[in-house]
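>>> what's the 3D shape of this:
(2 chains)
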Amino acid sequence: MPAPERLRLARTVRQAVGPWLQLWRSTRPSAQARKPGEFIHGLGDVPPPLLTALVGFQHVSLVRIQLIFPALVIQLAELPTEASINMLSLSLIALGIASILQSLPRGPVGSRYLCPCCHDGIFLEPAIAALKLGGLPLVFGMTLFAGVIQSALSPILHRIRPLLPPEIGGLVVFLVGTSLAAIGCRYVIGVGVKEPVDRDYWLVAAVTLMTMVGLNVWGKGQAKLFCAMIGITTGYGAAFLTGMLPRDASRVFAELHLFAIPHLPEAGLAFAPAMIMPFTVAALAVTLKGIGDITALQRINDPHWVRAEMGSISRGTLANGLANILAGLVGTLGLTPSTANIGLQAATGMSSRVIGYAVGAILIVLAFLPSVTGSLILMPRPVMGAALLFSACFVLISGLQTISSRMLDARRTIVIGLGISAGVAAEILPGFATGIPSALQPIVGSSIVLGTITALLLNGVFRIGQRQRVSLALDPASADAVAEVNEFFDAAGRGWGARPDVMVRVAFGINQTIEAIREHCEPQGPITIEARFDEFNLDVRISYRGEALEFPDERPSGREIIETDAGYRRLAGFMLRQNADRIRTAVKDGANVLEFHFDH
Amino acid sequence: MKLVEGVAEDIPIVEAHGRLDSTTAKEFGDRLVSLVQGGRGSLVVDLKNIAYISSAGFRALLIANRAAAGRQGKLALCGVIGEVKRLFDIGGFTDEFVICPTQADGIGKLRQ
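Predicted coordinates for the structure are as follows:
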């Protein structure tokens, strides 16, 4: 072909393919590290239909991976093929409706963000316990119960937050991680499984786990994002090659219809008092996790985010509670907002609610196509074990990060330490629950429940006598004033479980104020410091008698700072104004009162 | 506060440790000015071990910076990280000084 024609052809191809490539690139996760609020299509935008569908499918792919949890319960329940596939289809319907509920733009239900939901390991351990006690009807009934608890908690979340501090949320997530890791390890090693455990079994587990880990650590873009799904698919391949897939696998695949209408299970619902505690704890854990997820959504959607907006969190929790009631009614496991999907929207730069509706619609359509999800019911145990173990790594670390995001004093250290100890003891000590009254067995026999209950009870006890308001009188002439005030605020921060980054700002504010009063205000008598804390606010009030400090909006020039006392003094005031979120001054009974507010 | 002094490529380097507040800033500032005036006018100040810097510390740095400029030299700061970096930002001092990541970068900048 002559060169000019080749160039013309290349140009034509580029023109035809270019927009598609651009579209594809815009949905790739490699377009990462977007700053908060910098979205291609933000919350209220309506992206083009094709783009909406593409991004929607990406979200659905992530949600689909988590179907492993109902698939595991289905395998343990030994349901026939058709009933198994029906349950997965009903799961998809519940997930679809949950995603739409979360994205609703107005009304009392929904976080109002793109917030796809997924199944989660939190419900796995209680569901397995309920399955053993009363079969699937009990699993469904208690899932509905958890939904009712969550819905009831939603309007009073802001009031009960002191009883559910973030570090206990982190503890619950950590314990969920240990529970997932324990189940995953059992399946990977082959303890208590029906299959013959030999070299091939371990080989399939190793191939699955190594693929996931390899892609996650060294992979890029889509490969990294979908490492779990690719690992599971590779595991299926390894199981097929080693003959580990069930003998009737090909018959099951052949039986899968292209289209089928899901129907409600005939088994119905059951309730058992023994399961109230495990599912109440699961509801609490899901609520705590949801608070974190919706807060993350607020943060990535608002470049000026300073604090969690409780209205959105309460509505999102209610949507999740209603979705769990629906999950129980249609017959599947509990749901939560999907953390992985929040990461995906930050990566793709698309947070439009319309994508939430698309995700819901795609999930509901998939419920009518059994051939798409049917393969999950045949997932070999070593593949399932590897997937659970892989997932546990991230859950464990996420829990630890939340715990360590707060300053912990002796009380909080003991709450978390004993909570973890109790949870681990229930997990690793065989016969831990023997000899205990049967009514308490569900509490003592579950690592998540025992660890959480231990921490909540200790937290309740330790709150007695703990002050949220502290005060200190400081002699401005004392050489130890700085050390004294720093020790005072360090102890207070640990007692409150405050965020270290906020306490660093508070420490600068107090130090700089004391220094400025001593240098410029000729103080008479003591400087009084009072601090008040709740989960969202930290207020410090400093009173002294002497000359007033000023807090200018503009910094004095370098020359003023060097050459004049006024410039030097005004620099201190300027820095204090910049350091706090709000500042107020007053004169009361002849004393200057400085009030510094820090958002927490 | 502790000052650790050294010289690299004929340029004095001062590593400050501890708190830079109203009780330590005068001694710190006087030492920087004497190093600037005793040498060629350029100086590297490493702040990576500073835990706290107040308005008094910034004033001392401004005085040393002016002394260096008076001798046609420059003051290069390095180790401006973490909380100290935040305080430089909120005080609007990031553009007032030559700020480099490391001592070697600071020396390179001063030799240009």
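>>> who's in contact with the residue lying closest to residue A:358 once chain neighbours are set aside?
What sits nearest to residue A:358 in space, not counting adjacent residues and going by CB to CB, 6 or more residues apart in numbering or on different chains, is residue A:56, at 3.5 Å. For glycine as for every other residue, the C-beta is placed from the backbone atoms N, C-alpha and C. Each residue near residue A:56 by CB atoms under 8 Å, 6 or more residues apart in numbering or on different chains is listed here: A:355, A:358, A:359, A:361, A:362.
>>> helix, strand, or coil at the residue nearest in space to the middle of chain B?
Taking CA atoms, centre = their mean as the criterion, residue B:45 is the residue nearest the geometric centre of chain B, at 3.4 Å. Following DSSP: H, G, I helix; E, B strand; the rest coil, residue B:45 is assigned to strand.
>>> need the longest helix for chain B.
Scanning chain B for the helix with the most residues, using DSSP state H, yields helix B:55-70.
>>> can you give the contact residues for that helix?
Applying CB under 8 Å, 6+ apart, the set of residues contacting helix B:55-70 is A:512, A:515-516, A:519, A:558, A:561-562, A:568, A:571-572, A:575, B:20-22, B:24-26, B:28-29, B:32-33, B:36-37, B:41-43, B:45, B:50, B:74-75, B:77, B:91, B:93, B:96-97.
>>> take the contacts of residue A:56 and write them to JSON lines, including neighbour count and pLDDT.
Output for these, formatted as JSON lines (neighbours: other CB atoms under 10 Å in any protein chain shown; pLDDT from 0 to 100):
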{"residue": "A:355", "neighbour count": "29", "pLDDT": "96"}
{"residue": "A:358", "neighbour count": "26", "pLDDT": "97"}
{"residue": "A:359", "neighbour count": "32", "pLDDT": "97"}
{"residue": "A:361", "neighbour count": "17", "pLDDT": "97"}
{"residue": "A:362", "neighbour count": "20", "pLDDT": "96"}
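>>> pick the one among those residues closest to chain B.
If you rank the contacts of residue A:56 by distance to chain B using CB to the nearest CB, residue A:355 comes first, at 35.9 Å.
>>> my guess is residue A:448 contacts residue A:127. True?
No. Look at residue A:448 against residue A:127 with CB atoms under 8 Å: they stay out of range, at 11.7 Å.
>>> only alpha carbons, please: show stretch B:94-112 as CSV.
Output of stretch B:94-112 as CSV, limited to C-alpha atoms (Å, rounded to 0.1, in the frame of the first residue of the first chain):
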residue,chain,number,x,y,z
THR,B,94,7.1,29.0,52.4
ASP,B,95,7.9,31.7,49.8
GLU,B,96,10.1,33.8,52.1
PHE,B,97,12.9,31.3,52.3
VAL,B,98,14.9,29.0,50.0
ILE,B,99,13.6,25.6,51.1
CYS,B,100,15.3,22.3,50.0
PRO,B,101,14.6,18.7,50.8
THR,B,102,18.1,17.8,52.1
GLN,B,103,21.3,19.4,53.3
ALA,B,104,23.0,18.4,50.0
ASP,B,105,20.2,20.0,48.0
GLY,B,106,20.6,23.2,50.1
ILE,B,107,24.4,23.3,49.5
GLY,B,108,23.8,22.7,45.8
LYS,B,109,21.3,25.6,45.7
LEU,B,110,23.6,28.0,47.5
ARG,B,111,26.5,27.1,45.2
GLN,B,112,24.5,28.0,42.0
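>>> which of the residues in it are buried?
If you call a residue buried by 16 or more other CB atoms under 10 Å in any protein chain shown, then stretch B:94-112 has these buried ones: B:96, B:97, B:98, B:99, B:100, B:103, B:106, B:107, B:109, B:110.
>>> do I have it right that the residue nearest to the centre of chain B meets residue B:77?
Yes. Contact status for residue B:45 versus residue B:77: in contact at 5.3 Å, counting by CB under 8 Å.
>>> and residue A:270, what element?
Residue A:270 belongs to no helix or strand when assigned by DSSP states H and E.
>>> near it, how many other residues are there?
17 (other CB atoms under 10 Å in any protein chain shown).
>>> measure it to residue A:400 for me?
Remark: distance between residue A:270 and residue A:400 (CB to CB, to the nearest Å) = 37 Å.
>>> cool, residue A:576 as well?
For residue A:576, the distance to residue A:400 equals 35 Å [CB to CB].
>>> can you list the contacts of residue A:56 in TSV and add secondary structure and distance to residue A:107?
Below are those laid out as TSV (DSSP: H, G, I helix; E, B strand; the rest coil; distance: CB to CB, whole Å):
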residue	secondary structure	distance to residue A:107
A:355	helix	19
A:358	helix	20
A:359	helix	19
A:361	helix	19
A:362	helix	23
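>>> just the ones in strands from the buried residues of stretch B:94-112, please.
B:98, B:99, B:100 (DSSP state E).
>>> can you pull the pLDDT of the second one?
Model confidence at residue B:99, expressed as pLDDT, equals 96.
>>> and the gap between it and residue B:62?
Shown here: residue B:99 relative to residue B:62, a distance of 14 Å by CB to CB.
>>> same check on the last one?
Separation of residue B:100 from residue B:62 (CB to CB) stands at 18 Å.
>>> can you check the first one too?
For residue B:98, the distance to residue B:62 (CB to CB) stands at 13 Å.
>>> next, the buried residues of stretch A:456-475.
Neighbour-count burial for stretch A:456-475, with 16+ other CB under 10 Å as criterion, is recorded at A:456, A:458, A:459, A:462, A:470, A:472, A:474.
>>> now do the same end-to-end measure for it.
One end of stretch A:456-475 sits 40 Å from the other (CA to CA, to the nearest Å).
>>> now swap in stretch B:80-99 and tell me
Its start and end residues considered, stretch B:80-99 measures 7 Å (CA to CA).
>>> do the same with stretch A:149-161
Start and end residues of stretch A:149-161 are separated by 16 Å (CA to CA).
>>> chain A contacts on chain B?
Residues of chain B found near chain A (CB under 8 Å from any CB of the partner chain) are B:19, B:21-22, B:52, B:54-56, B:58-59, B:62-63, B:65-66, B:83, B:87, B:90-92, B:96.
>>> what's in contact with the helix or strand hosting residue B:85?
Per DSSP H and E, residue B:85 falls inside helix B:82-91. The contact list for helix B:82-91 (CB under 8 Å, 6+ apart) reads A:504, A:508, A:555, A:571, A:574-575, A:578-579, B:47, B:50-53, B:55, B:58, B:80, B:94, B:99.
>>> again, only this time at 7 Å
Here helix B:82-91 makes contact (CB atoms under 7 Å, 6 or more residues apart in numbering or on different chains) with A:504, A:508, A:555, A:575, A:578, A:579, B:47, B:50, B:53, B:58, B:80, B:94.
>>> how about the residues of chain A that lie near chain B?
A:504, A:508, A:511-512, A:515, A:519, A:555, A:558, A:561-562, A:568, A:571-572, A:575, A:578-579 (CB under 7 Å from any CB of the partner chain).
>>> out of those residues, which is nearest to residue A:488?
Nearest to residue A:488 among these, counting by CB to CB, is residue A:511 at 11.6 Å.
>>> what helix or strand does that closest one sit in?
Take DSSP H and E as the rule and residue A:511 turns out to sit in helix A:500-520.
>>> name the helices or strands packed onto that helix?
The helices and strands touching helix A:500-520, judged by 3 or more CB pairs under 7 Å, 6 or more residues apart in numbering or on different chains; DSSP states H and E, are helix A:481-496, strand A:524-533, strand A:537-545, helix A:565-579, strand A:591-599.
>>> could you count how many residues lie near the nearest residue to residue A:399 once chain neighbours are set aside?
Computed as CB to CB, 6+ apart, the closest residue to residue A:399 that is not its neighbour in sequence is residue A:174, at 3.0 Å. For residue A:174, the neighbour count with other CB under 10 Å is 26.
>>> fine by me, thanks again.
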